[in-house]
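sequence first, predicted coordinates after that:
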Amino acid sequence: MNKAEKKQGDGGRFEGTTFQDLLDLENVEVPEYLRIKSNPHLGDEDLSVDRYISQEFFDRERDHMWSRVWQMVCREEDIAEPGDHHVYNIIDSSVIVTRTPSGSIKGYINSCLHRGRCLRDESGTVNEFRCPFHGATWNLDGEFQGIPCQWDFEHLADRDMSLPEVKTGTWGGFVFINFDHDCEPLESYMDVMPDHFSRFPLQDYFKGVHVQRVMNCNWKVGAEAFMESWHTVETHKQILTFTGDENSQYDTFGDNVSRSVTPMAVHSPHLENISDEAIIRDILKLSGRMALDSDEGVEMPDGISARRYVADMNRELFEEASGQDLSDATMAELEDAILYSLFPNFQVWIGYNGNIVYRFLPNGNDPHSCIFDVMILLRYPEGSQRPDPAACITLPVEEPFSSVPELGALGPVFDQDDANLPAVQRGMRTSRKGAVSLASYQESRIRHLHATLDKYVDSP
Ligand code: FES
Ligand SMILES: [Fe+2]
């Protein structure tokens with residue numbers, strides 16, 4: 001395909017090999033959510049680097065944005081039983097999210113109503129929340145149970161001593177909180193996402209891998225690294241044989257949701273004359289999210305494309321993993337990189353097994369670093385017991401992701417990203433231009449993130 005055949009006005013992609021063109025080759029019914037194209041032009045102005053490097057902008061995000069958005073805290077399976085709780089720290093705030101005896105999920109501000117000590121220093125399991133300082137106690141429903149030397153607190157007898165709460169919500173087995181009691185419900189905040197994920201009940205998947213590491217860049221620099229596939233051509237050259245990078249489709253939905261769809265098991269438009277055998281050999285070895293990661297290669301039957309071959313192989317292995325009949329699954333859903341993001345910092349892949357999840361949290365009050373979480377959601381056979389969720393592996397900042405065997409081929413890919421991110425942060429700080437310029441189409445999800453961010457930081 002040569003560059004003269006580019007579709008005009010439709011991004012920098014190549015006729016005949018776009019994601020929509022590939023959908024025409026499906027031999028099962030294509031669900032509507034894959035057919036949608038939604039990319040309203042949001043402008044081409046530069047973005048000031050202040051948005052990534054200034055403490056003043058960071059503080060505005062804290063006061064006007066983080067205080068009002070839905071944010072993913074943990075998996076429901078992380079707090080499966082009454083008393084299980086997760087401590088969620090975000091900038092200056094700390095919240096305890098817990099399972100109550102009735103099975104509901106509640107979130108409490110993690111601060112003792114006596115002299116303010118955090119009630120819990122870390123996640124765990126308790127029968128009650130007992131402050132480690134002087135022993136004031138609340139039950140799992142947040143009701144005050146008492147404090148030693150009660151006689152000295154008669155002046156508090158008429159006060160409401162229940163733990164202040166934050167809003168909680170769940171979707172797909174994820175727990176979310178919102179500090180704003182007047183916020184819109186999580187379901188409407190998520191816009192098209194619940195509908196688009198209806199074929200993928202993530203609440204029935206389990207957390208098979210969880211790795212967390214500090215990254216030396218602003219949380220948005222981290223998040224944005226996963227919002228466009230076009231850096232593949234320079235940063236992840238080893239996957240070009242099986243990645244339709246420049247043929248990716250980018251969509252935005254409302255204020256909070258966007259997605260990229262990158263066709264896999266087709267070669268990049270940047271390469272020519274790549275055989276199906278080469279595509280299959282490399283995707284099995286290097287993709288990190290095919291059912292069978294191996295470097296042995298396969299014998300290709302005649303008359304079948306790499307795309308169909310890999311999809312069929314995944315179908316068989318994913319069916320085995322879940323006990324689910326996947327005869328109506330499209331090739332796209334079986335192998336493509338279909339990645340959604342929910343404003344501001346939660347990202348999750350479509351798919352029947354091995355769905356990757358990313359989250360980028362500010363690291364304390366530092367605009368120049370963030371905390372990156374990656375999870376991989378897996379299936380277990382229907383009717384069998386849900387495996388325990390993987391414990392979080394906290395990787396020291398100087399350790400490469402490739403040192404975590406659980407990440408497989410994803411580890412080296414993240415290391416390639418990590419080679420850029422601190423350098424992006426440093427480069428922005430020394431920039432004389434003082435601004436970044438975005439690609440009109442392929443970086444439209446980044447523009448969309450900032451457009452929504454503006455609606456928060458510019459509001460009272
Ligand atoms: S600060 Fe919690 S009991 Fe005193
Ligand atoms: Fe990357």
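Received it, and whenever you're ready, just let me know what you need. Ligands and ions are numbered 1, 2, ... in the order given.

next structured bit after the helix ranked longest in the chain?
Looking across the chain with DSSP state H, the single longest helix is helix 410-430. On the C-terminal side of helix 410-430, the nearest following helix or strand under DSSP states H and E is strand 435-436.

check which helices and strands that next one sits against.
Under the contact criterion of 3 or more C-beta pairs under 8 Å, 6 or more residues apart in numbering; DSSP states H and E, strand 435-436 touches strand 47-48. Just so you know, the C-beta spots here come from the backbone N, C-alpha and C atoms, and that holds for glycine as well.

name the strands paired with the strand it packs on and say parallel or antiparallel.
strand 435-436 (antiparallel) (DSSP bridges).

which parts of whatever helix or strand comes next after the partner strand are buried?
Per DSSP H and E, the first helix or strand lying C-terminal to strand 435-436 is helix 444-457. Across helix 444-457, burial judged by 16 or more other C-beta atoms under 10 Å covers S444, R445, I446, R447, H448, L449, H450, T452, L453, Y456, V457.

name the nearest of those relative to ligand 1.
Taking C-beta to the nearest ligand atom as the measure, ligand 1 sits nearest to Y456 out of the buried residues of helix 444-457, at 33.1 Å.

give me the contacts around the helix or strand containing L334.
Secondary structure assignment for L334, by DSSP H and E: helix 331-335. Helix 331-335 has contacts (C-beta atoms under 8 Å, 6 or more residues apart in numbering) with 19, 22-23, 25-26, 30, 34, 199, 261, 263-265, 290, 307-308, 310-311, 314-315, 318, 326, 338, 350-352.

next one: it to chain centre, how far?
Taking C-alpha atoms, centre = their mean, to the nearest Å, the mean C-alpha location of helix 331-335 is offset from the chain mean by 19 Å.

list the buried residues for stretch 225-242?
The neighbour-count check on stretch 225-242 (16+ other C-beta under 10 Å) flags 225-233, 236, 238-242 as buried.

circling back: hmm, who's touching the following helix or strand past the helix holding L334?
Downstream of helix 331-335, the first helix or strand assigned by DSSP H and E is strand 337-342. By C-beta under 8 Å, 6+ apart, the residues outside strand 337-342 that reach it are 70, 72, 189-190, 193, 196-197, 223, 226-227, 229, 243, 256-262, 264, 332, 347-351, 356, 445, 449.

quick one: the strands in the stretch 201-350 of the chain?
Secondary structure of the stretch 201-350 of the chain (DSSP state E, counting those that start in this stretch): strands located at 206-215, 249-253, 257-262, 337-342, 346-349.

out of these, which is closest to P164?
Closest of the strands of the stretch 201-350 of the chain to P164 is strand 346-349, at 24.2 Å (criterion: C-beta to C-beta).

give me the residues contacting the closest one.
If you take C-beta under 8 Å, 6+ apart as the criterion, strand 346-349 is touched by 71-72, 172, 174, 202, 223, 226, 289, 337-342, 355-359.

helices along the stretch 201-350 of the chain, start to end?
For the stretch 201-350 of the chain, the helices defined by DSSP state H, counting those that start in this stretch occupy 219-224, 232-235, 276-286, 306-322, 331-335.

show me what the helix or strand of the chain with the lowest mean pLDDT is packed against.
The weakest-scoring helix or strand in the chain, judged by mean pLDDT, DSSP states H and E, is helix 276-286 (a mean of 88). Secondary-structure packing of helix 276-286 (3+ C-beta pairs under 8 Å, 6+ apart): helix 306-322.
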